[in-house]
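**Student:** Output the structure for:
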Amino acid sequence: MSLEIRWIEDLLALEQEKSISKAAELRHVTQSAFTRRIQAIEDALGFQILKRYSKNVDFTDAGQILLSSAKNIQNQLDTTIKYLEKNIRNNELSIKFAVSHSLITQFFPNFIHNLYTDIKDLQLEIIAANMKQGMRLLKEGSCDFLICYCDEETLKQLDHAIFAFHKIVKMEILPVASARDKYEKYSLDQNFPLLSYSKQAYLRKCVDREIEDKLDYRILYETDNAGDLKALVLQGLGVAWLPKLLVEEEITENKLRVLDGYHFFQDVYLIRSKVIYSQRMDYIWNTLTN
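**Tutor:** Just a heads-up that it's a prediction; the model follows:
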């Protein structure tokens with residue numbers, strides 16, 4: 001048995017219109033011809049996909065499974081087409097990374113360093129995006145890889161038939177404040193001004209989970225950008241939870257101090273779509289995950 005592309009289009013039209021006559025009109029055939037095509041699908045498969053003796057279009061359990069597969073195929077095809085439309089220029093492809101804001105400056109350049117020596121004509125485009133934005137970009141075909149903070153519970157919600165993911169590192173997140181003498185007053189034991197991630201940022205919920213209803217604080221400032229938070233901490237405006245990699249130099253130089261307690265670790269993942277295939281993307285994935 002061979003799959004015919006028109007079967008997918010017929011099933012999707014039937015599911016959309018909820019009517020054989022309207023689905024036939026959408027597919028530009030007569031109702032009788034469309035009915036014969038549905039019957040041909042059932043004959044080829046060897047089972048019914050529509051319930052008989054129903055006033056409305058109603059798929060059988062087997063029909064629902066087939067319809068779900070048809071939708072996945074359509075989504076994968078749409079994603080591939082969008083990717084090609086957005087990325088092919090003069091027969092060349094640039095590789096697009098969506099990266100969490102706090103991972104762009106220190107972490108990302110070190111992480112991809114080997115690619116520059118391995119791929120001589122490498123062209124990279126970096127897009128600052130939180131996880132939610134990055135997943136949307138992946139689905140749209142607007143980026144090739146996403147590097148972001150994530151957890152296993154969130155990963156369970158992804159369609160593993162469409163997305164591949166690999167844990168890169170476990171990042172330590174530290175509560176820090178200015179080390180200048182006049183700002184020694186900031187302590188986690190008393191009320192302090194919190195320089196916070198915005199509600200859209202993944203690290204916001206991580207920090208909230210650690211300190212909400214446990215510490216006494218007031219939110220002074222919110223942003224997606226960890227670099228902005230670090231600059232404000234250095235100015236002595238409050239306390240922020242920042243990736244250790246982002247503040248190691250300032251801690252060593254005694255510009256920032258780590259406050260005792262309430263540090264935590266957060267996994268960083270590399271995510272890609274399985275729908276888009278190219279030898280270069282596979283090479284990059286294999287290089288970065290090994």
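**Student:** Surely residue 205 is in a helix?
**Tutor:** Yes. When DSSP: H, G, I helix; E, B strand; the rest coil is applied, residue 205 is found to be in a helix.
**Student:** That one: neighbour count?
**Tutor:** Residues near residue 205, counting by other CB atoms under 10 Å, number 14. (C-beta placed from N, C-alpha, C; glycine too.)
**Student:** got the contact list for the closest residue to residue 124 other than its chain neighbours?
**Tutor:** Sequence neighbours aside, residue 95 is the residue nearest to residue 124 in space, at 5.6 Å (criterion: CB to CB, 6 or more residues apart in numbering). For residue 95, the contact set (CB atoms under 8 Å, 6 or more residues apart in numbering) comprises 122, 123, 124, 125, 144, 145, 280, 281, 284.
**Student:** Write a PyMOL command that selects only the buried members of those residues.
**Tutor:** Buried members of the contacts of residue 95, defined by 16 or more other CB atoms under 10 Å, are picked up in PyMOL with:
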select buried, resi 144+145+281+284
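**Student:** what would the contacts of residue 95 look like in JSON lines with pLDDT, secondary structure and distance to residue 166?
**Tutor:** What follows is the contacts of residue 95, written out as JSON lines (pLDDT from 0 to 100; DSSP: H, G, I helix; E, B strand; the rest coil; distance: CB to CB, whole Å):
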{"residue": "122", "pLDDT": "74", "secondary structure": "coil", "distance to residue 166": "20"}
{"residue": "123", "pLDDT": "79", "secondary structure": "coil", "distance to residue 166": "23"}
{"residue": "124", "pLDDT": "83", "secondary structure": "strand", "distance to residue 166": "19"}
{"residue": "125", "pLDDT": "85", "secondary structure": "strand", "distance to residue 166": "21"}
{"residue": "144", "pLDDT": "89", "secondary structure": "coil", "distance to residue 166": "14"}
{"residue": "145", "pLDDT": "94", "secondary structure": "strand", "distance to residue 166": "10"}
{"residue": "280", "pLDDT": "80", "secondary structure": "helix", "distance to residue 166": "18"}
{"residue": "281", "pLDDT": "84", "secondary structure": "helix", "distance to residue 166": "14"}
{"residue": "284", "pLDDT": "89", "secondary structure": "helix", "distance to residue 166": "12"}
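**Student:** Out of the contacts of residue 95, which is nearest to residue 226?
**Tutor:** residue 145 (19.9 Å; CB to CB).
**Student:** Show me how the record splits this protein into domains.
**Tutor:** Listed domain ranges for the chain are 5-75, 95-168+268-289, 170-266 (source: automatic domain parsing).
**Student:** The shortest one: how far from the chain's middle?
**Tutor:** Chain-centre distance of domain 5-75: 32 Å, with CA atoms, centre = their mean, to the nearest Å.
**Student:** got the end-to-end distance for it?
**Tutor:** In domain 5-75, first residue to last residue: 14 Å (CA to CA, to the nearest Å).
**Student:** ok, residue 37 to residue 214 distance?
**Tutor:** Residue 37 is 63 Å from residue 214, where distance means CB to CB, to the nearest Å.
**Student:** So for those two, which residue has more residues nearby?
**Tutor:** residue 37 (17 against 11).
**Student:** tell me the secondary structure for that one?
**Tutor:** Judged by three-state DSSP, the three-state class of residue 37 is helix.
**Student:** quick one on the thing from earlier: ok, so of the contacts of residue 95, who is nearest residue 170?
**Tutor:** For these, the nearest to residue 170 is residue 145 (19.4 Å; CB to CB).
**Student:** Look at residue 67 and tell me its secondary structure.
**Tutor:** helix.
**Student:** Now do the contacts for it.
**Tutor:** 11, 12, 15, 49, 59.
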